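*Asks:* Return atomic coordinates for the entry below.
(chains A and B)
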Amino acid sequence: MRICIVGCGAVGSLFAANLAQLDDVDVWAYDVSREHVAAINANGLRLSGAGEVVGRLRATADPQELPPCEFGIVATKAMHTEGAIAATAHAFAAGCVATVQNGLGNEEAIAAHVERVIRGTTFPAGKIVEPGHVQWDVKGDTTLGPFEPQPAPLADIERLADSCTRAGMPTRAVPDARGPQWRKVIFNASTNPIGALTGLTHGRVCERLDLRRLVSGLVDEGKAVAAAQGIELDADPEELIDHAARPDVAYDHKASMLQDVEARRTTEIDYLNGGIVRAGREHGVPAPLNEAIWALVKGVEQSWQ
Amino acid sequence: MKKICVAGAGSIGSLFAGHLARVTEVSVLTRREEHARALNEQGLRISGRGDFTSRVTAASDPASLPEAELVILACKGTDLEALARRLAGHFAGATMMTVQNGLGAEEVAGAHGGWPLLSAVTFMSGTRHGDTHVEYVLDTATWIGPYRDTTGDDARAVAELIVSSGLKAEGFDDLRPAQWSKLIFNATVNGVAALTGLPHDFHFAQTEQPYELGNLVRGLVDEGKAVASAAGVELREDPWRMNVLATQRGHRHYPSMLEDVEAHRPTEVESINGSLVREARRHDVPVPLHTAVYTLVTAKEAGYS
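*Replies:* A predicted model of the protein is given here:
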């Protein structure tokens, strides 16, 4: 089986290096960073932290080099989905493409370029330390399921999930993957921008009662928008928020959006709070707090111009 | 009125002192001794709209200043309590005039002495270029009204004197319509600026896309209007219109709350946004957007360290 990771940043690297441990999987990685690509090809892709792994795989910054693949796993930031899949779609003409990205709208962007699409959500996290080396911060589960308008066959999704699980990335194939996706989107949309706007770590956001109430207000809107679409959350995002606030989990974690804002990089706000607001509008559910947060973070981005 | 004391020589206090000294005798109470010395030696230069230097008598100890008929308390809201404490027991024959943003300044000042009180809000702005030089930037008015043991005629008399000195001012029988217009304007614009890092510019009036800041600004203004209406205050100006007009002036104004968070100084969020949220609670008006902005700015301050 040949799998191509599209976007080999922190999360993409976790999949790439682990999958490369399997004898029956041929792993390719497409990434725009030529330094990262060169380092992977020269020395392998190294993970350290939650697991010590070195994956031998082929990396390229040139999409034309990609051979036909049975599976793609898209792991770019949400604002790069369109460009990445447009460049690599030819490799998946006969394959299925999964997303393990944050936010809403990635499946739709992928489906505009490839036939069979897999909806996905993943919880492991890490960060790039240097080209070819990723720190694996948190282990976690991945859920995959068919993207309803252009589904990949469930049997194929199960084969991909089985490979990921055997490689050390526990993954479930389910008929409806929207529940976990929305749980994570609501979690991210309700906490990441609060960290980004205040400069506070996840734990400090949660221990201030006033901020924690604001977080719950955002969660409640997200839940209402999910419910209006008939999506059943697999668990309450509030539990995830409180769990992450524990000192031994992610109390000191700066949300990726806070890291983005500090580095003046475009954030994923359009695909998080923006995604919730858009879905709410389609289903007649107002989400004024999410809309306010969306506008504030867009304002932060505009202030850099 | 022959003798006026300006207490607090930041940009607003300096604008009052420098102008009024052209038509009456002005003393200035500073916090720092060297500031007083510099003013006594060099006078106070006003540039921007005209360029002149005024003679003032300055001291950092109220006991060494001459008596006055009017004392303008021109410090920031966050410093008012400390300033009023220093004034206790002084200026027995004077009327005190507060010009702080937000609500409640009169009560803070009035708690430290039995002086008659005038209440004012000012829209003028200046940029300090040192202890003895302030640039007059926005030539918008100061609005004055009676508060304790004063009348509309007292307010108009002070306004007339200010106008004769070259600044803009107007006196009213009831300041609340003007004060609340400004309160809603400031709570909205200053809060959004502090959170986004944007000066008050065209972004604040953009409403085409759901994520554009003008929608949030309008939502905040609408909540503020609902509170004013519940409090029985008829606004003098529509804060949304004030916002649109200000953004059309082409001058990118940096609200003090934005400057404060950028310099990691305490902001006026309590006296501005806090008062509005507390008034809303008192009158049972839901203000989820103002609560969010208030909470976020407060938390951002807490995150300075």
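
*Asks:* Pretty sure A:Ala167 sits against A:Gln21.
*Replies:* Yes - the criterion here is CB atoms under 8 Å, and A:Ala167 meets it with A:Gln21 at 5.6 Å. The way it works is simple: take the backbone N, C-alpha and C, and place the C-beta from them, glycine included.

*Asks:* Kindly provide the distance from the residue of chain A found nearest chain B to B:Val293.
*Replies:* Going by CB to the nearest CB, chain B is nearest to A:Gly299 of chain A, at 3.1 Å. Per CB to CB, to the nearest Å, A:Gly299 is found 12 Å from B:Val293.

*Asks:* Overlap in contacts, those two.
*Replies:* B:Val192, B:Leu195 (CB atoms under 8 Å, 6 or more residues apart in numbering or on different chains).

*Asks:* When the two are compared, which one has more neighbours?
*Replies:* Higher neighbour count among A:Gly299 and B:Val293: B:Val293, with 29 against 22, using other CB atoms under 10 Å in any protein chain shown.

*Asks:* That one touches B:Ala193, doesn't it?
*Replies:* No - contact criterion CB under 8 Å: B:Val293 and B:Ala193 do not qualify, at 10.6 Å.

*Asks:* Quick check: neighbours shared by those two?
*Replies:* Common neighbours of B:Val293 and B:Ala193 (CB under 8 Å, 6+ apart) do not exist.

*Asks:* For the stretch 51-200 of chain B, list the residues in contact with chain A, please.
*Replies:* Within the stretch 51-200 of chain B, the positions adjacent to chain A are B:Val192, B:Leu195, B:Thr196, B:Gly197, B:Leu198 by CB under 8 Å from any CB of the partner chain.

*Asks:* and the closest residue to chain A within the stretch 151-300 of chain B, what does it touch?
*Replies:* Closest to chain A within the stretch 151-300 of chain B is B:Thr196: 3.1 Å, counting by CB to the nearest CB. Taking CB under 8 Å, 6+ apart, we find B:Thr196 in contact with A:Leu296, A:Gly299, A:Val300, A:Gln302, A:Ser303, B:His203, B:Leu213.

*Asks:* How about it: what's its closest non-neighbour residue?
*Replies:* A:Gly299 (3.1 Å; CB to CB, 6 or more residues apart in numbering or on different chains).

*Asks:* mind checking pLDDT for that neighbour?
*Replies:* Note on A:Gly299: pLDDT of 98.

*Asks:* Could you double-check that it lies in contact with B:Asn215?
*Replies:* No - in this structure, A:Gly299 is not within contact of B:Asn215 by CB under 8 Å, at 11.3 Å.

*Asks:* one step back: the residue of chain A closest to chain B sits in which helix or strand?
*Replies:* Under the criterion of DSSP states H and E, A:Gly299 resides in helix A:288-302.

*Asks:* Report the separation between the residue of the stretch 151-300 of chain B closest to chain A and A:Asn273.
*Replies:* B:Thr196 is 15 Å from A:Asn273, by CB to CB.

*Asks:* try B:Ser164
*Replies:* 52 Å.

*Asks:* Which one's more surrounded, these two?
*Replies:* Applying other CB under 10 Å to B:Ser164 and A:Asn273 shows that A:Asn273 carries more neighbours, namely 34 against 14.

*Asks:* re the thing from before, so can I have a markdown table of the contacts of B:Thr196 showing distance to A:Gly132?
*Replies:* A markdown table is the format used below for the contacts of B:Thr196 (distance: CB to CB, whole Å):
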| residue | distance to A:Gly132 |
| --- | --- |
| A:Leu296 | 37 |
| A:Gly299 | 37 |
| A:Val300 | 32 |
| A:Gln302 | 35 |
| A:Ser303 | 34 |
| B:His203 | 41 |
| B:Leu213 | 41 |
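
*Asks:* wait, which of the residues you listed is closest to A:Cys8?
*Replies:* Comparing the contacts of B:Thr196 against A:Cys8 with CB to CB places A:Val300 closest, at 27.8 Å.

*Asks:* Name the nearest residue to the residue nearest in space to the middle of chain A, sequence neighbours excluded.
*Replies:* Central residue of chain A (CA atoms, centre = their mean): A:Gln101, 2.3 Å from the mean position. Once flanking residues are discounted, A:Gln101 sits nearest to A:Ala78: 5.5 Å by CB to CB, 6+ apart.

*Asks:* same deal with B:Ala230?
*Replies:* Nearest to B:Ala230 is B:His283, by CB to CB, 6+ apart, at 3.7 Å.

*Asks:* so where do the helices sit in the stretch 151-300 of chain A?
*Replies:* A:154-166, A:178-198, A:202-207, A:209-228, A:237-244, A:256-262, A:273-282, A:288-302 (DSSP state H, counting those that start in this stretch).

*Asks:* Show me where chain B dips below the pLDDT cut-off.
*Replies:* B:250 (pLDDT under 70).

*Asks:* so how far is the helix or strand harbouring A:Ala98 off the chain centroid?
*Replies:* Using DSSP H and E, A:Ala98 maps to strand A:96-99. Averaging C-alpha positions (CA atoms, centre = their mean, to the nearest Å) puts strand A:96-99 12 Å from its chain's average.

*Asks:* elements contacting that strand?
*Replies:* Packing partners of strand A:96-99 (3 or more CB pairs under 8 Å, 6 or more residues apart in numbering or on different chains; DSSP states H and E): strand A:71-74, helix A:106-111, strand A:116-122, helix A:154-166.

*Asks:* and the ones you listed as CSV, adding mean pLDDT, mean neighbour count and distance to chain B?
*Replies:* What follows is those, written out as CSV (pLDDT from 0 to 100; neighbours: other CB atoms under 10 Å in any protein chain shown; distance: least, CB to the nearest CB, whole Å):
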stretch, mean pLDDT, mean neighbour count, distance to chain B
strand A:71-74, 98, 29, 24
helix A:106-111, 98, 23, 18
strand A:116-122, 98, 26, 24
helix A:154-166, 98, 19, 34
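
*Asks:* Adding distance to B:Ser256, write the helices of the stretch 151-300 of chain A out as a markdown table.
*Replies:* As requested, the helices of the stretch 151-300 of chain A are exported to a markdown table (distance: least, CB to CB, whole Å):
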| stretch | distance to B:Ser256 |
| --- | --- |
| helix A:154-166 | 53 |
| helix A:178-198 | 19 |
| helix A:202-207 | 26 |
| helix A:209-228 | 23 |
| helix A:237-244 | 34 |
| helix A:256-262 | 22 |
| helix A:273-282 | 28 |
| helix A:288-302 | 18 |
